[in-house]
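Visitor: pasting the sequence and the predicted model now:
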Amino acid sequence: MKSLAELAEIKARTIDSVIMPSGSGRMRVVVGMATCGIAAGASPVLDELVKDVKEAGISDRVMVSQTGCIGVCQYEPVVEVHEADKEKVTYVKMTAEKAREVFEKHIQGGEVIYDYTINAANA
Amino acid sequence: MAEAINNEAARHTSLEATSFYKAQCRVALRNCGVIDPESIDEYIAMDGYAALGKALTEMTPEQVIQEVIDSGLRGRGGGGFPTGKKWSFTAANKADQKYVVCNADEGDPGAFMDRSVLEGDPHCIIEAMELCGYATGATEGYVYVRAEYPIAVKRLTKAIEDAKAYGLLGKDIFGTGFNFDLHIRLGAGAFVCGEETALMTSIEGNRGEPRPRPPYPAVKGLFAKPTTENNVETFANVPQIILRGASFFNSMGTERSKGTKVFALGGKINNTGLVEVPMGTTLRQIVEDVGGGVPNGKKFKAAQTGGPSGGCIPASMIDIEIDYDNLVSQGAMMGSGGLIVMDEDTCMVDIAKFFLNFTVDESCGKCTPCRVGTRRLYEILEKITSGNGTLEDLDRMEELCKYIKDNSLCGLGQTAPNPVLSTYTRFKDEYIAHVVEKRCPAGVCKALMRITIDPDKCRGCTACARVCPVGAISGTVKQPHEIDQTKCIKCGACMEKCRFGAISKK
């Protein structure tokens, strides 16, 4: 890399996939895939979400990604749904089956499954 | 959209809305759980490598060091040495080659801060090491990471490859003529290799043993060249300090400990996890708010910080503001950030024995005070917990602790007696109970434990007698049973089996 301009260019083309721009209606779904998450069973959860989004052909609107440690050991595997203009949704103790449900109801249907969130688990 | 937010307001859905998260403030962990660690583009999107760009194009090496000094950042590996000062020592030494070393040999039982950073945000370590290289005049770096962290190694390896492909690592970075190359070295799991001189000896390809200081690494470190060594978490703070300025960082924390600290919260606590809080947060906030308190309505007894090198903070000190100096003044230390919460069922002598057993195992054997001293100390503790200790043993134990601290070659031995000294100072009555009354107040030490059946509660169902693996329980049906203390191995199987709560341990 020879200049700061190149760095700025990469930032400019990537930022919208990390921080959802307002009004875009886009979603970013991350699965905690650090050692702790993987040990708790995050891999099948990630696989399920990747598969669902791909099959539905909505990868231009919904991005699924792995991420590092989210910090809540006893709630792993954790899935977080970031959506433009909305509070993030933190789903805990996920399984591939629950992930499928989240995909159908929340990611496609727009309805948060409150019972699976950390706030329900913590209440 | 705004309406939708209002309608949902009553029921939060995010981690950030929980009490676990509210007291937290993420600097070192800012990208962990946010970006894809295997995507360099996402790191760049979150202002990654912008600090490096700023330093290389706008700042002199001296200015970079000054910014780090002004930030007040201190070593997060445990000792708390001012990072900027450490960098300035290396910078001051002239040499044809200098090195930057990242200590990712995280060995404290129950600690996983460094692993999480490497797995969640590997590029920030690369960027920070380059900043350190620029500041100190080093062009080569080594990350020494445990082989037990395969995912961290994999992601770091990919990060290095990606950074090289983008020209963010290698030759003539940002066209400024600055070169930096980075290597990974895998540790074989020896705890002593987390000690800086032993770590460098290990990188050089020799058996991981410490060497006497001075000469300090800043003068004669890796391959006998001036070397700066910092811990993963220390490095993780650096890009933010350079990018946002020293004042961003030193506005957080206490008088002498700035910024935040990551803790691996574990033990008898409701919310185990990885937490990052500003320095000066009280232990009470961490245990009660972030940690959600002690489970099963048990009482908080103490928190152990600093792992096998640290000490414990008793419940009476729960309002202590956690920073380097406060912890040291209480006979504990920050350590790398393991924070183990203990409840009333924890025996402090047993805890001291646990940590000492770890150091006995991990002592590299080079110097006698550590190799033999910790072994003898462990034997005294074993004598106490088996009910054979005397008051003279306690005096001998204290004396031996001081001797090991004063005479060991490296930090491993110098801090090994800390768990013993700290529990002995804070919980002397428990040691006395073991020695004088031959009693373990927490009911942990098996040799001092008696399991008995309350004849008033026993219905004579014979369940306990049937489950006892050594046939220590006798009695006839529908008559109170009895335990033969000479046969009992204190396994507790009878207690679990009894449906009438008639069996208890003392």
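Guide: Perfect, thanks for sending it.
Visitor: the stretch 401-506 of chain B: helices as residue ranges?
Guide: Counting by DSSP state H, counting those that start in this stretch, one finds helices in the stretch 401-506 of chain B at the ranges B:411-415, B:418-426, B:428-435, B:463-467, B:493-497.
Visitor: show me what the second one is packed up against.
Guide: This means helix B:418-426. With contacts defined as 3 or more Cβ pairs under 8 Å, 6 or more residues apart in numbering or on different chains; DSSP states H and E, the secondary structure elements packing on helix B:418-426 are strand B:311-314, helix B:348-362, helix B:391-407, helix B:428-435. Just so you know, the C-beta spots here come from the backbone N, C-alpha and C atoms, and that holds for glycine as well.
Visitor: residues in contact with the closest residue to residue B:77 other than its chain neighbours?
Guide: Distance criterion Cβ to Cβ, 6 or more residues apart in numbering or on different chains; nearest residue to residue B:77, sequence neighbours excluded, is residue B:231 at 3.3 Å. Contacts for residue B:231 (Cβ atoms under 8 Å, 6 or more residues apart in numbering or on different chains) come out as B:75, B:76, B:77, B:78, B:102, B:103, B:104, B:114, B:336.
Visitor: check residue B:231 and give its pLDDT.
Guide: Per-residue pLDDT puts residue B:231 at 96.
Visitor: and the gap between it and chain A?
Guide: Residue B:231 is 17 Å from chain A, where distance means Cβ to the nearest Cβ, to the nearest Å.
Visitor: and if you look at residue B:449?
Guide: Distance, residue B:449 to chain A, by Cβ to the nearest Cβ: 30 Å.
Visitor: what does residue B:29 give?
Guide: For residue B:29 relative to chain A (Cβ to the nearest Cβ), the value is 7 Å.
Visitor: so that residue sits against residue A:71, correct?
Guide: Yes - at 7.2 Å, residue B:29 counts as touching residue A:71 under the criterion of Cβ atoms under 8 Å.
Visitor: hey, what's in contact with both of the two?
Guide: Shared contacts of residue B:29 and residue A:71, counting by Cβ under 8 Å, 6+ apart, come down to B:116, B:274.
Visitor: just to revisit the earlier point, is it possible to get JSON lines of the helices of the stretch 401-506 of chain B that adds mean neighbour count and mean pLDDT?
Guide: As requested, those are exported to JSON lines (neighbours: other Cβ atoms under 10 Å in any protein chain shown; pLDDT from 0 to 100):
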{"stretch": "helix B:411-415", "mean neighbour count": "23", "mean pLDDT": "94"}
{"stretch": "helix B:418-426", "mean neighbour count": "23", "mean pLDDT": "96"}
{"stretch": "helix B:428-435", "mean neighbour count": "18", "mean pLDDT": "96"}
{"stretch": "helix B:463-467", "mean neighbour count": "17", "mean pLDDT": "94"}
{"stretch": "helix B:493-497", "mean neighbour count": "16", "mean pLDDT": "93"}
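Visitor: re earlier: of the helices and strands packed on helix B:418-426, which is nearest residue B:170?
Guide: Judged by Cβ to Cβ, the one of the helices and strands packed on helix B:418-426 that comes nearest to residue B:170 is helix B:348-362, at 37.2 Å.
Visitor: who are the packing partners of whatever helix or strand comes next after that closest one?
Guide: The helix or strand immediately downstream of helix B:348-362 is helix B:368-385, counting by DSSP states H and E. Helix B:368-385 is packed against helix B:348-362, helix B:391-407, helix B:411-415, helix B:428-435, with contacts defined by 3+ Cβ pairs under 8 Å, 6+ apart.
Visitor: please identify which of these is closest to residue B:282.
Guide: Closest among the helices and strands packed on helix B:368-385, using Cβ to Cβ: helix B:348-362, at 22.0 Å.
Visitor: surely residue B:362 and residue B:190 touch.
Guide: Yes - because the distance of 6.9 Å satisfies Cβ under 8 Å, residue B:362 is recorded as touching residue B:190.
Visitor: intersection of neighbour lists for those two?
Guide: Shared contacts of residue B:362 and residue B:190 (Cβ under 8 Å, 6+ apart): residue B:107.
Visitor: rewinding a little: mind checking which of residue B:29 and residue A:71 has more residues around it?
Guide: Higher neighbour count among residue B:29 and residue A:71: residue A:71, with 30 against 27, using other Cβ atoms under 10 Å in any protein chain shown.
Visitor: element containing the more buried one?
Guide: Using DSSP H and E, no helix or strand contains residue A:71.
Visitor: model confidence for it, exactly?
Guide: Residue A:71 carries a pLDDT value of 89.
Visitor: assign the closest residue to residue B:36 other than its chain neighbours to helix, strand or coil.
Guide: Once flanking residues are discounted, residue B:36 sits nearest to residue A:65: 4.4 Å by Cβ to Cβ, 6+ apart. Using DSSP: H, G, I helix; E, B strand; the rest coil, the structure places residue A:65 in strand.
Visitor: so residue A:65 bridges to which residues?
Guide: Following DSSP bridges, residue A:65 is listed with bridge partners residue A:30.
Visitor: surely it is in contact with residue A:32?
Guide: No - judged on Cβ under 8 Å, residue A:65 makes no contact with residue A:32 at a distance of 10.8 Å.
Visitor: out of these two, which sits in the busier spot?
Guide: Each of residue A:65 and residue A:32 has its neighbours counted (other Cβ under 10 Å); residue A:32 has more, 31 against 21.
Visitor: what about the nearest residue to residue B:357 once chain neighbours are set aside, distance to chain A?
Guide: Leaving aside its chain neighbours, residue B:357 sits nearest to residue B:378 (6.2 Å; criterion: Cβ to Cβ, 6+ apart). Separation of residue B:378 from chain A (Cβ to the nearest Cβ): 31 Å.
Visitor: and residue B:378, how far is that from residue B:166?
Guide: 51 Å (Cβ to Cβ, to the nearest Å).
Visitor: is the helix or strand containing residue A:7 positioned near chain B?
Guide: Element membership of residue A:7 [criterion: DSSP H and E] is helix A:4-18. Yes - interface with chain B: helix A:4-18 contributes A:4, A:7, A:10, A:11, A:13, A:14, A:15, A:17, A:18 (Cβ under 8 Å from any Cβ of the partner chain).
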